[in-house]
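Q: I would like the atomic coordinates for the input below:
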Amino acid sequence: MEDKIKKIPIHVGLIMDGNRRWAKERNLPTIEGHRRGYEVMINLPEWFFSLGVEIVSVYAFSTENWSRSREEVNYLMKLLKNALTKDFEAFNERNIRLLITGRIEELPGDLPEVCREAVEKTKTNTKGILNICINYGGRAELVDAIKKMVKNNIGVDQVHEGMIKKYLYQKDLIDPDIIVRTSVEKRLSGFQLWQSNYSELMFIEKYWPDFEKIDAQIIVNEYAERDRRRGGD
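A: So this is what the prediction gives:
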């Protein structure tokens, strides 16, 4: 029993891919795919927390996604705001702590303030952490970390892995034990580049709007079967 408990991932990262293709295959507008994917994300934390997972990080919007159509970007920003305002109490009442990771200050309108308020209001919640990565990119995170180090006059002899981690967006989070991508692509696309050094990788060939509670169990079961050597053997 003790060994089984140790095999449950503490931190699961999810690249939520396939919303647009899901909609296209059904002759639906792109935004309908995003709406259905959003509904999955709202229920996602409970599915994993009930299995013993403590942290779920989702890749919601990358620094490259600004190149999409204005209509699509505006709708995605609307969904984010809904999550942090209209649907906020659903998270708060379930004792879920929210983190927002990325270049938050670059978000449009009052979204930066909305993000900060959601993080502040849920900071004492203890059931689990939902880390929403928005306007996020792994390279952008490293660039921002280096800029902060330079600004703080960190000397060359002070630079080591622990120091770099200190300047990442979420320095207190443990690295993902497993990162999962839905759809058919098999790459990280800049998600958690520093943190994924020893993360297990898993690719599920279904679109994000089709992700179900049973898939959370499949991911946890798959992780339990992996032999994590971390370069030591």
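Q: helix/strand/coil for the most centrally placed residue in the chain?
A: Of all residues in the chain, the one closest to the mean position by C-alpha atoms, centre = their mean is Val58, 2.2 Å from it. Recorded secondary structure, Val58: strand (DSSP: H, G, I helix; E, B strand; the rest coil).
Q: need the contact list for Ile154.
A: Contact analysis of Ile154 by C-beta atoms under 8 Å, 6 or more residues apart in numbering lists Met163. C-beta coordinates here come from the backbone N, C-alpha and C atoms, glycine included.
Q: rerun that using 10 Å as the cut-off
A: Ile146, Lys148, Met163, Ile164, Lys166, Tyr167 (C-beta atoms under 10 Å, 6 or more residues apart in numbering).
Q: In ChimeraX, how would I select just the buried ones from those residues?
A: For anyone working in ChimeraX, the buried entries among the contacts of Ile154, judged by 16 or more other C-beta atoms under 10 Å, can be selected with:
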select :164,167
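Q: Of the contacts of Ile154, which belong to helices?
A: Here DSSP state H is the test, and these give Ile146, Lys148, Met163, Ile164, Lys166 as lying in helices.
Q: all strands for the chain, in order.
A: For the chain, the strands defined by DSSP state E cover 11-15, 55-62, 96-101, 128-136, 178-182, 200-204.
Q: in the protein, which ranges drop under the pLDDT threshold?
A: Scanning the chain for pLDDT under 70 picks out 1-6, 229-233.
Q: again, 80 this time
A: Scanning the chain for pLDDT under 80 picks out 1-6, 228-233.
Q: Against which helices or strands is the helix ranked longest in it packed?
A: In the chain, ranked by residue count with DSSP H as the criterion, the top helix is helix 30-49. Applying 3 or more C-beta pairs under 10 Å, 6 or more residues apart in numbering; DSSP states H and E, one finds that helix 30-49 contacts strand 11-15, helix 19-25, strand 55-62, helix 70-84, helix 88-93, strand 96-101, strand 128-136, helix 213-225.
Q: nearest to Asn152, of those?
A: For the helices and strands packed on helix 30-49, the distance to Asn152 is smallest for strand 96-101, at 20.5 Å, taking C-beta to C-beta.
Q: distance between the ends of stretch 129-148?
A: Taking C-alpha to C-alpha, to the nearest Å, stretch 129-148 runs 26 Å from one end to the other.
Q: typo on my end, stretch 22-29
A: 10 Å.
Q: Which parts of it count as buried, going by neighbours?
A: For stretch 22-29, burial by neighbour count (16+ other C-beta under 10 Å) applies to Trp22, Ala23.
Q: what's that stretch in contact with?
A: 18, 20, 30-37, 71-72, 75, 182-183, 206-210.
Q: and with 7 Å instead?
A: Thr30, Glu32, Gly33, Arg36, Tyr207, Pro209, Asp210 (C-beta atoms under 7 Å, 6 or more residues apart in numbering).
Q: residue contacts, the second one?
A: In other words, Glu32. Counting by C-beta under 7 Å, 6+ apart, Glu32 has contacts Ala23.
Q: Can you say which of the contacts of stretch 22-29 are buried?
A: Buried by 16+ other C-beta under 10 Å: Thr30, Glu32, Gly33, Arg36, Tyr207, Pro209, out of the contacts of stretch 22-29.
Q: excluding its backbone neighbours, what's nearest the third one?
A: In space, and not counting its chain neighbours, Gly33 is closest to Ala23: 3.2 Å by C-beta to C-beta, 6 or more residues apart in numbering.
Q: what's the answer for Leu193, then?
A: Nearest residue to Leu193 in three dimensions, chain neighbours excluded: Gly138, at 2.9 Å (C-beta to C-beta, 6+ apart).
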